[in-house]
Every structure is written in C-alpha cells, then in structure tokens.
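>>> Based on what follows, work out the 3D shape:
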Amino acid sequence: MNNFAVGDPAHTLLYLGRNNCGEAGFFDIGEQRREAVEVITQPPSVLPRADILKMDVEGAEIEILSGFAHIEFDAVLLENHSEANRRMVDQLLDGYVLVGGEIRCRDRGVLKYIHRRLFGRAPVASA
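Coordinates of the predicted model:
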C-alpha cells in the first residue's frame, strides 16, 4: 500500500470534504471544509505504467496531467471542475479523442478520452 497523495509535491494540506471523503482535495472548489490534514505528495511520475488513467481529484486534473512527461494511456477518464480546466484538458490530451462525457452542471462533468492510436487507419477505398 502506498500512503501518499499525487500532485504537486508543494501541496501538503488536503482539505477534507464537506459531505464525504471523496470531496477532499488540495483546492477549495466549493466542496471542501477549512479543516485539513497534512499529507506527503508525490509527483505523477511515481505512478506505475497503466493502460487506463481514471481521475477524480477535485480540481487537480491539470496539475496531474501536466506532471507526466508523456501521456501514453489508452484511455483517460476524469471529472472536470471548471470550464477553463476542461479546455486545458483538451489541450493536454491533444493525441486523444473525446468519446463521451456527462455535464452535471455548469462547471462539473465527466470526460472520457481514447488515444487516437487505438482507432487505427480507415481503409482506403479502391476505385
């Protein structure tokens, strides 16, 4: 078991969730309490190789995606927490295709991306 948070190692305070532990995060996005616990935070580069990256990181999406030297997952699934972050995710995942998602409210939603390499090339029609 690894007992650390993932993100910018400069973040050492994890603010507890207002309603449940799944709302805990480094940033106040409206679901966090002022009460915090101290954590050790490691950069995303410590994560092992995986085919799928699923993130529910309460506003740290950009920070984590930006922390990878290369984003080479087959699929990336994440919650977005602002329109600006959603647009930045699109830029960071420029080698991916947005294949699905759900808008929960103005600044919240779920996004599903698949790497372009998985689509292969379309066959060329012969004359």
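
>>> Please point out which parts of the longest strand seen in the chain sit buried.
Assignment by DSSP state E gives strand 96-105 as the longest strand of the chain. In terms of neighbour count (16 or more other CB atoms under 10 Å), strand 96-105 has its buried residues at residue 96. Backbone N, C-alpha and C define where each C-beta goes, glycine included.

>>> Quickly note the distance from the most centrally placed residue in the chain to residue 8.
Centroid-nearest residue in the chain: residue 61, 3.7 Å away (criterion: CA atoms, centre = their mean). Noted for residue 61: a distance of 12 Å to residue 8, by CB to CB, to the nearest Å.

>>> what ranges do the strands span in the protein?
Remark: strands assigned in the chain by DSSP E are 5-6, 13-17, 32-38, 41-42, 52-55, 75-80, 96-105, 108-115.

>>> Export those strands to CSV and append columns for mean pLDDT.
Listed next are the strands of the chain as CSV, based on pLDDT from 0 to 100:
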stretch, mean pLDDT
strand 5-6, 90
strand 13-17, 86
strand 32-38, 88
strand 41-42, 93
strand 52-55, 95
strand 75-80, 94
strand 96-105, 90
strand 108-115, 94
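
>>> Mind putting these into a markdown table with distance to residue 65?
Shown next, in a markdown table, are the strands of the chain (distance: least, CB to CB, whole Å):
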| stretch | distance to residue 65 |
| --- | --- |
| strand 5-6 | 11 |
| strand 13-17 | 19 |
| strand 32-38 | 21 |
| strand 41-42 | 15 |
| strand 52-55 | 8 |
| strand 75-80 | 8 |
| strand 96-105 | 11 |
| strand 108-115 | 11 |
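
>>> Of these, which is nearest residue 87?
strand 75-80 (9.2 Å; CB to CB).

>>> Partner strands of the closest one, with direction?
Note on strand 75-80: by DSSP bridges, its sheet partners are strand 52-55 (parallel), strand 108-115 (antiparallel).
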